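Chemist: Here is the input, now give the coordinates:
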Amino acid sequence: MLWFRAPEKIYMKRGCLPVALDELKNVMDKKRAFIVTDKFLYENGFTKPITDKLDELGIQHSSFFDVAPDPTLACAKEGAAQISVFKPDVIIAVGGGSAMDAAKIMWVLYEHPEAGFADMAMRFMDIRKRVYTFPKMGEKAYFVAIPTSAGTGSEVTPFAVITDESTGVKYPLADYELLPNMAIIDTDLHMSAPNGLTSASGIDAVTHALEAYASVMATDFTDGLALKALKIIFEYLPRAYDNGPNDPEAREKMANAATMAGMAFANAFLGISHSLAHKLGAYHHIPHGIANALVIEDVLRFNAAETPAKMGTFPQYDHPHTLERYAEVADYLGLGGKTPKDKLGKLIDAIRGLRHKIGIKDTIADYGISEEDFMATLDEMTENAFDDQCTGANPRYPLLSEIKQIYLNAYYGRTFTEKEYPKA
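Modeler: Residues are numbered from 1 along each chain as shown. Presented below is the predicted three-dimensional model:
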């Protein structure tokens, strides 16, 4: 059995925020709202349209704005303590992935303070068949997610990552109970995003769509979202990057595409581009979208092998067809090419061209990571990337040596080549 899950309500269109918030009072009779965001957004007035509307509706509100870029368990516990005192019936997350992740964890701690993070973060092979049953959410508070950038897709995904600052352990939580109840995609909140954020978040959405389309859990439902998201991004991301606040159409298209790509990977999941990027960001502090951009081309080459040594864990087919899938993407984008391999090459060229248009460099070394520091962490990054939750849905299951090769290629600017293995 396969499935498709999305938030109960998704509002989109520039200026939709106040109309969507009307529902909290006029339909749901909510009375107390707790807002979670970061200091920059709070101090620069991003939450003011929300609090003004809540005031108009007569909904009492309180705000927590100490979310860091890599949210910690201590931060979540501090926010949850404030939530427990305020006792809201709606939680509103405002920002990028960090604010939404932190808010989701606060939501869990508020609704189920007894829940154990080690249990909730337990590894699984299939999100539908968990050893641990995730606690029921939404009994105390309704959850609203409002993104301020176009990329993470967190507003429509059942994922959250939190770091225990005392041990350094990252807890990746994944369960559909964490899916927001409402997502509000209002481009008015995206207009002033700086170029660096626009490019990093936009290329992240590209990798979300590409990995969802190639995933062993892809379906017709997720395919349509992934393809349309890619089409929009290739057309509008350079415009959003070049014109910023002067191109509301490009901003709105990118906001929609990022959420569509989010819905695709919320159901089909991701692959090893994200496995590698998670560790590259953790060890060397490269922004997540940039980290994905540095490895995605080689990941496509790696996945396109027609006779891999190891296949994905949930194949819906009797033989790999990832090259064919990438060729379909190239065809949909109108990139040309006569054979599937030609089309894969055209797709990789198009990704590289998009990267260059939005100011993303070619190699890990270009981002100031010394060879000594990179080599010192390479083996540990490789093992942790192999063990990442995203690896399981990749169509080709990697060997440790292959992950290491992709990392080295991303550092030095090389391309993936197949190695001969002993015959059975």
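Chemist: all contacts plus neighbour counts: C-alpha atoms, from now on.
Modeler: OK.
Chemist: Might you list the low-confidence residue ranges for the chain?
Modeler: 1, 117-119, 121-132, 168-169, 312-319, 421-424 (pLDDT under 70).
Chemist: Tell me which stretches of it form strands.
Modeler: Assigned by DSSP state E, the strands in the chain fall at 9-12, 32-36, 60-64, 90-95, 142-147, 159-163, 170-174, 182-185.
Chemist: Save the ones you listed as CSV, and put in mean neighbour count too.
Modeler: Shown next, in CSV, are the strands of the chain (neighbours: other CA atoms under 10 Å):
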stretch, mean neighbour count
strand 9-12, 16
strand 32-36, 24
strand 60-64, 18
strand 90-95, 26
strand 142-147, 25
strand 159-163, 22
strand 170-174, 20
strand 182-185, 26
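Chemist: would you list these in CSV and tack on distance to residue 18?
Modeler: Below are the strands of the chain laid out as CSV (distance: least, CA to CA, whole Å):
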stretch, distance to residue 18
strand 9-12, 11
strand 32-36, 15
strand 60-64, 15
strand 90-95, 13
strand 142-147, 12
strand 159-163, 26
strand 170-174, 30
strand 182-185, 10
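Chemist: What separation do you get for residue 359 and residue 281?
Modeler: Relative to residue 281, residue 359 is positioned 18 Å away (criterion: CA to CA, to the nearest Å).
Chemist: oh, I was asking about residue 330
Modeler: 29 Å.
Chemist: out of the two, which sits in the busier spot?
Modeler: The neighbour comparison of residue 330 against residue 281 (other CA atoms under 10 Å) goes to residue 330, with 23 against 16.
Chemist: wait, the more buried one sits on residue 336?
Modeler: Yes. Assessed by CA atoms under 8 Å, residue 330 is found in contact with residue 336 at 7.0 Å.
Chemist: any common contacting residues for those two?
Modeler: 343, 346 (CA atoms under 8 Å, 6 or more residues apart in numbering).
Chemist: hmm, who's touching the helix ranked longest in the chain?
Modeler: Longest among the helix segments of the chain by residue count, using DSSP state H, is helix 220-243. With contacts defined as CA under 8 Å, 6+ apart, helix 220-243 is touched by 4, 195, 198-199, 202, 206, 208-210, 212-213, 247, 250-251, 253-254, 256-258, 260-261, 263-265, 267-268, 329, 332-333, 354, 357-358.
Chemist: Recalculate using a threshold of 6 Å.
Modeler: 195, 209, 213, 250-251, 257, 260-261, 264, 333 (CA atoms under 6 Å, 6 or more residues apart in numbering).
Chemist: Select, from those residues, the two members most distant in space.
Modeler: Using CA to CA, the two most remote members of the contacts of helix 220-243 are 195 and 213, lying 27.2 Å apart.
Chemist: Who has more neighbours out of the two?
Modeler: residue 213 (30 against 16).
Chemist: all helices of the stretch 201-350 of the chain, in order?
Modeler: Listed in chain order, the helices of the stretch 201-350 of the chain (DSSP state H, counting those that start in this stretch) span 220-243, 248-268, 272-284, 288-303, 322-332, 340-357.
Chemist: Could you say which of those is packed most deeply?
Modeler: Mean neighbour count (mean count of other CA atoms under 10 Å) peaks for helix 248-268 among the helices of the stretch 201-350 of the chain, with a mean of 27.
Chemist: which strands and helices sit next to it?
Modeler: If you count contacts as 3 or more CA pairs under 6 Å, 6 or more residues apart in numbering; DSSP states H and E, helix 248-268 packs onto helix 195-214, helix 220-243.
Chemist: Put the alpha carbons of the longest one into PDB.
Modeler: Listed next in PDB are the C-alpha coordinates belonging to helix 220-243 (Å, rounded to 0.1, in the frame of the first residue of the first chain):
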ATOM      1  CA  ASP A 220       1.800   9.200  -9.700                       C
ATOM      2  CA  PHE A 221       0.600  11.700  -7.000                       C
ATOM      3  CA  THR A 222       4.100  12.800  -6.000                       C
ATOM      4  CA  ASP A 223       5.500  12.700  -9.500                       C
ATOM      5  CA  GLY A 224       3.100  15.400 -10.700                       C
ATOM      6  CA  LEU A 225       4.100  17.700  -7.900                       C
ATOM      7  CA  ALA A 226       7.800  17.100  -8.400                       C
ATOM      8  CA  LEU A 227       7.800  17.700 -12.100                       C
ATOM      9  CA  LYS A 228       5.700  20.800 -11.900                       C
ATOM     10  CA  ALA A 229       7.800  22.200  -9.100                       C
ATOM     11  CA  LEU A 230      11.000  21.700 -11.200                       C
ATOM     12  CA  LYS A 231       9.400  23.400 -14.200                       C
ATOM     13  CA  ILE A 232       8.500  26.400 -12.200                       C
ATOM     14  CA  ILE A 233      11.900  26.600 -10.400                       C
ATOM     15  CA  PHE A 234      14.000  26.400 -13.500                       C
ATOM     16  CA  GLU A 235      11.900  29.300 -15.000                       C
ATOM     17  CA  TYR A 236      11.500  31.500 -12.000                       C
ATOM     18  CA  LEU A 237      14.400  31.000  -9.600                       C
ATOM     19  CA  PRO A 238      16.800  33.100 -11.600                       C
ATOM     20  CA  ARG A 239      14.300  35.900 -11.800                       C
ATOM     21  CA  ALA A 240      13.700  35.800  -8.000                       C
ATOM     22  CA  TYR A 241      17.400  35.800  -7.500                       C
ATOM     23  CA  ASP A 242      18.100  38.700  -9.900                       C
ATOM     24  CA  ASN A 243      15.100  40.900  -9.200                       C
END
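Chemist: how much space is there between the residue lying closest to residue 150 once chain neighbours are set aside and residue 245?
Modeler: Spatially, and ignoring its direct neighbours in sequence, residue 150 is nearest to residue 255 (4.7 Å; CA to CA, 6 or more residues apart in numbering). As judged by CA to CA, residue 255 and residue 245 stand 13 Å apart.
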